[in-house]
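1. Sequence and predicted structure below; questions after.
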Amino acid sequence: MDLRPLHDRVMVKRLDEGEQVQGGIIIPDTAKEKPQQALVKAVGNGKLLETGERVALDVKAGDRILFGKYSGAEIKIEGEEYLILKEDEILGVLE
């Protein structure tokens with residue numbers, strides 16, 4: 001199943017940061033913070049202005065992004081977890 005976000009929304013998949021070891025202590029999965037980096041999977045058509053014009057998004061599928069800790073809405077499609085967020089919630093694109 002494919003999903004295309006509407007308007008200025010972006011669908012992303014969080015990137016795993018791997019095993020976090022601090023001072024020789026292994027942090028269990030339940031205590032780990034969720035990563036704030038993601039790979040863009042799909043983008044909407046752009047924001048619709050009051051004039052009827054559509055403004056294209058600055059990100060595209062395949063971009064690596066940073067986003068805020070509590071941004072977006074989590075969804076699950078065919079067993080995979082994704083996040084849908086507005087373009088305004090994206091902090092930057094990693095190049």
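-> Right, received. Where do you want to start?
2. Quick check: closest non-adjacent residue to the residue positioned nearest the centre of the chain.
-> Ranked by distance to the mean C-alpha position of the chain (C-alpha atoms, centre = their mean), the top residue is Val12 at 3.6 Å. Counting by C-beta to C-beta, 6 or more residues apart in numbering, Ala38 is the residue found nearest to Val12 once chain neighbours are left out, at 3.7 Å. Any C-beta I mention is one placed from the backbone N, CA and C, and that applies to glycine too.
3. coming back round to it: please identify the helix or strand for the residue nearest to the centre of the chain.
-> When elements are assigned from DSSP states H and E, Val12 belongs to strand 9-14.
4. which SSE is the residue nearest to Val12 in?
-> Using DSSP H and E, Ala38 falls in strand 37-43.
5. from the chain's centre, how far out does stretch 58-78 sit?
-> Relative to its chain's centre, stretch 58-78 lies at 1 Å (C-alpha atoms, centre = their mean, to the nearest Å).
6. For Leu48, name its beta-bridge partners.
-> Arg54 (DSSP bridges).
7. My read is that it contacts Arg54, right?
-> Yes. Leu48 lies in contact with Arg54 (C-beta atoms under 8 Å); the separation is 5.6 Å.
8. hang on, the earlier thing: for the strand holding Val12, buried residues please.
-> Residues of strand 9-14 classed as buried by neighbour count (16 or more other C-beta atoms under 10 Å): Arg9, Val10, Met11, Val12, Arg14.
9. can you list the residues you listed in JSON lines and add pLDDT and distance to Asp58?
-> As requested, these are exported to JSON lines (pLDDT from 0 to 100; distance: C-beta to C-beta, whole Å):
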{"residue": "Arg9", "pLDDT": "91", "distance to Asp58": "13"}
{"residue": "Val10", "pLDDT": "91", "distance to Asp58": "10"}
{"residue": "Met11", "pLDDT": "92", "distance to Asp58": "16"}
{"residue": "Val12", "pLDDT": "92", "distance to Asp58": "14"}
{"residue": "Arg14", "pLDDT": "87", "distance to Asp58": "20"}
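10. ok, those vs Ala42, which is closest?
-> Lowest distance from Ala42 to the buried residues of strand 9-14 (C-beta to C-beta) belongs to Met11, with 4.4 Å.
11. Great, nothing more from me.
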